[in-house]
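Engineer: predicted model follows, preceded by the sequence.
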Amino acid sequence: GRDATWAKGGAPPSWDDISFIDAAFDIPVPLKKVAPTKPVPVQTPAAGSKAAGKANAAPKPSSAVRRYEGTVSDSAGTTVQVALEIEGGTCRFSTVPDGRLGDVRSTAGVIPFEQMVTRAKALRVSFDKGRVLYAAEGAHRSGNLKLAVFRLQESIHGFKSFDAVTTEKGEKDKITPGEIFFPAESSFYAIENDQGIASGATLVCCDATDEICDYLDIDLTGRRLRWLHAKVQRKSSEAAKKAAAVAAAALPVGAKAQKAALKAMGSLKGSLSASSLQEVVGQAIKNLAFLRRDSSETEFTKEVDRWAETCELAEPAKIPRVRRGSKKPGDEVATILADPSVRHEVAIVVPAYSKKRLATEFGKIELGTADQECVQMFWLLSGFTQACLEVGVTPLIFMRE
C-alpha cells in the first residue's frame, strides 16, 4: 500500500511475491477447531478496591480462547498452515510457525504480515453456517437469513449487455490513437449504451486514480444521481494462458510477449469470489461521503473542472469525459443537489458475476449448504447495501443475467 511495503520473509515454504498471497486467499479458507478452550487468567483487583468489591459480589467466568486451523495453497502447490485464535470480540490471525507470509515494512517498523492482518482486522470470518460474521466493522448476526437474502437480491439486476465484456476499459495496446469511444467489449461501453444501466440524459465518465466513481448518471428531470463503480476481473482460458507462455518463451530477449486471449463474461459460469469484490465495494462505501457535499465545496468544484478534460486512463485514446447530454453537467448536478428531494443511487458494476447463479447459491445459505465462498460474498454485498441504506442511498448491484 501507500504507507507500507511487503517483503519476503520467514522460513520456507514461503512466497516470493505478495501476488501469491492474494491468489492463495482468493477463496475462503475452511478452518477446523483443533484444541479445547483454555481459560485466560483473570486479573485480581487490589484488596479493598471498588473493583474487588464488585468482583466478590458478582464473580464472572473467565473468557476462553478457541483455536482453529487450516491450510492455504497457491497454484504451484506451496502450502502454508494458518490459524485463528478467537477470544471474546478479538480474533488473532497467524501461521504455523509464525512469519510464513512475509513482513510488512513501514516507518513504524517491521512486523509479520499476519500481525498486520490482526491489527487492521483485515479478515472476515463466518460462523454457524453463515449466520454470524466477524469483520473489521464488528461482529454481526442475521436472525432471519431468508429475509436478509431476499432483501439483498432486490438490489441485484442482470443485464445481457455484459455478456460480451472482457475488460473494464479495453486493452490499451488495442485502442486506436485518437479514439473517442470505449471498445465494444469493455464494461464502460455497456454502461454507456445500455439505458437500463445508465438512463439519465447526461452521463459523465469520472474514471481516474482518485475518482469519486467511474460514471455519474445525471437525471435532471427526475432529480436523481446514480454513482456507478465498475470492476472487471480479466479472464483467460487455461489453454490460452499456456499458449501465450509457450510463445513468450520462444521470443528473443527484449521482445514483447503477446497476452493470452481474454474470454467474454457470457462464456463463463459466473464468479463467486468475495475477494474480487473487495476493491469495488470498498470504493463505493468510501465515496458515500462525497454524495452529501455542497456543490460549492473545493473538492466538488475540482471534480467538475476535470469533466472538461478527456479520460486520462485510456491512452492513446482521446475520450471526452462528458459522454452525452449537457455540456455543463456541473450545473445540472448543483441544481439536483440543491433540491431536498434529491435521490441518490450507488451501483457497483461487476460483469464477472451472474444474477441467476447467485440466486441459486444464495438459496443454499438458509439451508446451511452454501459454499463458504458464497457466504463471504453474501456478507460483503450485504455490508454494501446496509452502508448505503444507513445514509439514505439506494444500493444497486449490476451484473450479468
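Structural biologist: Structure's in. What do you need? Numbering: from 1, shown residues only.
Engineer: what mean pLDDT does the host helix or strand of residue 71 get?
Structural biologist: Residue 71 is part of strand 64-73 when elements are defined by DSSP states H and E. Predicted confidence along strand 64-73 averages 83 (mean pLDDT).
Engineer: over to stretch 391-401?
Structural biologist: Over the span of stretch 391-401, the pLDDT mean works out to 96.
Engineer: how about that stretch: buried residues?
Structural biologist: Using 16 or more other C-beta atoms under 10 Å as the burial criterion, the residues of stretch 391-401 that qualify are 393, 395-400. For glycine as for every other residue, the C-beta is placed from the backbone atoms N, C-alpha and C.
Engineer: coming back round to it: for the strand holding residue 71, enumerate the helices and strands it packs against.
Structural biologist: If you count contacts as 3 or more C-beta pairs under 8 Å, 6 or more residues apart in numbering; DSSP states H and E, strand 64-73 packs onto strand 32-39, strand 79-87.
Engineer: so what strands line up beside that strand?
Structural biologist: Within its sheet, strand 64-73 is paired with strand 32-39 (antiparallel), strand 79-87 (antiparallel), according to DSSP bridges.
Engineer: mean pLDDT lowest for which of those?
Structural biologist: When the strands paired with strand 64-73 are compared on average pLDDT, strand 32-39 comes out lowest at a mean of 66.
Engineer: circling back: and the helices and strands packed on strand 64-73 as a markdown table, adding mean neighbour count and distance to residue 319?
Structural biologist: What follows is the helices and strands packed on strand 64-73, written out as a markdown table (neighbours: other C-beta atoms under 10 Å; distance: least, C-beta to C-beta, whole Å):
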| stretch | mean neighbour count | distance to residue 319 |
| --- | --- | --- |
| strand 32-39 | 11 | 51 |
| strand 79-87 | 17 | 44 |
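Engineer: quick one: closest of those strands to residue 267.
Structural biologist: With respect to residue 267, and counting by C-beta to C-beta, the nearest of the helices and strands packed on strand 64-73 is strand 79-87 at 31.6 Å.
Engineer: what about the residue nearest to residue 387 when sequence neighbours are not counted, neighbour count?
Structural biologist: Here the nearest residue to residue 387 in space, its sequence neighbours aside, is residue 285; by C-beta to C-beta, 6 or more residues apart in numbering that works out to 4.8 Å. Close neighbours of residue 285, defined as other C-beta atoms under 10 Å, add up to 18.
Engineer: secondary structure class for residue 285?
Structural biologist: Reducing the assignment at residue 285 to three states with DSSP: H, G, I helix; E, B strand; the rest coil gives helix.
Engineer: my read: it touches residue 386, true?
Structural biologist: No. Counting by C-beta atoms under 8 Å, no contact exists between residue 285 and residue 386, whose distance comes to 9.8 Å.
Engineer: circling back: among the buried residues of stretch 391-401, which lie within strands?
Structural biologist: For the buried residues of stretch 391-401, the ones inside strands are 395-400, with DSSP state E as the criterion.
Engineer: circling back to that earlier point, return the residues in contact with the residue nearest to residue 387.
Structural biologist: Under the criterion of C-beta atoms under 8 Å, 6 or more residues apart in numbering, the neighbours of residue 285 are 383-384, 387.
Engineer: follow-up on the earlier one: got JSON lines for the strands paired with strand 64-73, with distance to residue 118 too?
Structural biologist: Shown next, in JSON lines, are the strands paired with strand 64-73 (distance: least, C-beta to C-beta, whole Å):
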{"stretch": "strand 32-39", "distance to residue 118": "18"}
{"stretch": "strand 79-87", "distance to residue 118": "9"}
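Engineer: and the pLDDT for the residue nearest to residue 17 when sequence neighbours are not counted?
Structural biologist: In space, not counting the residues next to it along the chain, residue 17 is nearest to residue 8; the distance is 7.8 Å by C-beta to C-beta, 6+ apart. The pLDDT attached to residue 8 in the predicted structure is 78.
Engineer: same deal with residue 236?
Structural biologist: Model confidence at residue 236, given as pLDDT, is 43.
Engineer: do the one 4 residues further on as well
Structural biologist: We have a pLDDT of 46 for residue 240.
Engineer: for residue 15, same thing?
Structural biologist: The predicted local confidence for residue 15 comes out at a pLDDT of 69.
Engineer: the chain should start at 46 in everything you say after this.
Structural biologist: Happy to do that; since the first residue is 46 now, the last one works out to residue 60.
Engineer: quick one: which of the helices and strands packed on strand 109-118 is nearest residue 222?
Structural biologist: It is, among those and with distance given as C-beta to C-beta, strand 124-132, at 46.1 Å.
Engineer: so after that closest one, what's the next helix or strand?
Structural biologist: Sequence-wise, the next helix or strand beyond strand 124-132 is strand 135-141, with elements assigned using DSSP H and E.
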